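Undergrad: Quick one, structure for this:
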Amino acid sequence: MARRKKKKAARPIHPSAGPLPAKLAGCFAGRLLVFSDASRKRHGGLAAVLFDDHDGEPVVATRSVALAGSNELELLAAIFALEEAERRFPARPVALFSDNSDALARLTQAATFGLAQDLPLADLCAAPGVAAALAGASFNWVRGHASCRGNLLADQHAAAAAA
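TA: Residues are numbered from 1 along each chain as shown. Purely as a prediction, here's the structure:
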């Protein structure tokens with residue numbers, strides 16, 4: 001008879017007090033902290049969580065979209081987060097955080113070499129101010145389902161938008 005594997009114990013997650021863990025908060029002082037995430041259920045859900053300051057309450061925006069591939073949804077979520085940042089806090093320097101490194105790599109490449117190098121991405125960034133926000137943003141990977149409060153909120157709101 002085959003032996004059953006033991007189930008791994010669920011590791012408790014203790015969210016940080018601020019949007020980022022304390023050891024990272026000082027690196028992004030003066031920037032608008034923006035967290036993006038996407039979820040797939042019956043349809044796609046996008047979430048943007050914006051923190052004007054480290055101690056403030058978040059501004060949350062969500063959107064439901066048609067189902068697409070996981071990386072495409074994550075890219076749409078990051079662009080949606082840039083749109084919301086530009087709409088709510090115009091001309092403010094942005095630090096965008098996502099748990100999808102592929103989406104961040106594509107945005108970083110577009111910010112470095114210009115949107116003309118990636119025409120499908122240029123079409124997605126056609127909303128007013130998004131190209132400027134993209135050019136001035138810093139893109140940062142954050143471990144998914146870790147202790148980062150901003151990412152946890154983005155996960156929750158994306159799942160709710162996709163339900």
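Undergrad: State whether Ser39 and Gln156 are indeed in contact, as I suppose.
TA: No: contact between Ser39 and Gln156 fails when scored by Cβ atoms under 8 Å: they sit 9.3 Å apart. Using the backbone N, CA and C atoms, a C-beta is placed for each residue, glycine as well.
Undergrad: joint contacts of the two?
TA: Jointly contacting Ser39 and Gln156 under the rule Cβ atoms under 8 Å, 6 or more residues apart in numbering are Ala47.
Undergrad: more neighbours, those two?
TA: Ser39 (24 against 15; other Cβ atoms under 10 Å).
Undergrad: What is the host helix or strand of that one packed up against?
TA: Assessed by DSSP states H and E, Ser39 sits inside strand 32-40. Packed against strand 32-40, as judged by 3 or more Cβ pairs under 8 Å, 6 or more residues apart in numbering; DSSP states H and E, are the following elements: strand 44-51, helix 70-88, strand 94-98, helix 149-162.
Undergrad: which parts of it are buried?
TA: Buried positions in strand 32-40, judged by neighbour count with 16 or more other Cβ atoms under 10 Å: Leu32, Leu33, Val34, Phe35, Ser36, Asp37, Ala38, Ser39.
Undergrad: before we move on, what about stretch 73-92?
TA: For stretch 73-92, the neighbour count (16+ other Cβ under 10 Å) marks 73-86, 89, 92 as buried.
Undergrad: So among these, where is pLDDT lowest?
TA: Lowest in pLDDT among the buried residues of stretch 73-92 is Arg92, which has 91.
Undergrad: Appreciated, that's everything.
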